[in-house]
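Chemist: Got a predicted structure plus its sequence, pasted below:
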Amino acid sequence: MDSPSRRPKGDPLPPRHHVEGFGQETDAATGVLAYLIGGPITFGGIGWLLDAWWGTGFVVPVGLIVGMGLSLWVVWLRYGSPRPPSDA
């Protein structure tokens with residue numbers, strides 16, 4: 001039986017599945033794209049709802065900027081920061 005990969009204690013990110021070959025780059029690219037699209041859409045949507053509720057017009061741009069910033073941060077954490085090799 002395969003044992004689950006060991007991760008550092010307190011690692012907030014879910015474990016990565018292992019993909020080999022060209023699929024590895026494609027998997028990373030689609031993951032990055034999903035984060036970069038999903039963050040601004042989510043936080044922009046929250047800003048739109050708050051604008052509609054409060055009757056203002058400035059929360060959508062703030063939500064879009066915050067969403068993009070958080071997306072870039074998550075991409076850096078998930079794909080850009082070095083991790084120790086797992087014992088597999």
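Modeler: That came through, no problem.
Chemist: tell me the contacts of Gly39?
Modeler: Gly39 makes contacts with 67-68, 70-71, 74, as judged by CB atoms under 8 Å, 6 or more residues apart in numbering. C-beta: built from backbone N, CA, C; applies to glycine.
Chemist: Identify each buried residue in the helix ranked longest in the chain, please.
Modeler: Ranked by number of residues, the top helix in the chain under DSSP state H is helix 22-54. Neighbour-count burial for helix 22-54 flags 32, 35-36, 39-40, 43-44, 46-47, 51 (criterion: 16 or more other CB atoms under 10 Å).
Chemist: out of those residues, which one sits closest to Tyr79?
Modeler: Proximity of the buried residues of helix 22-54 to Tyr79 (CB to CB) peaks at Val32, which lies at 6.2 Å.
Chemist: That closest one contacts Tyr79, correct?
Modeler: Yes: with contact defined as CB atoms under 8 Å, Val32 and Tyr79 form a contacting pair (6.2 Å).
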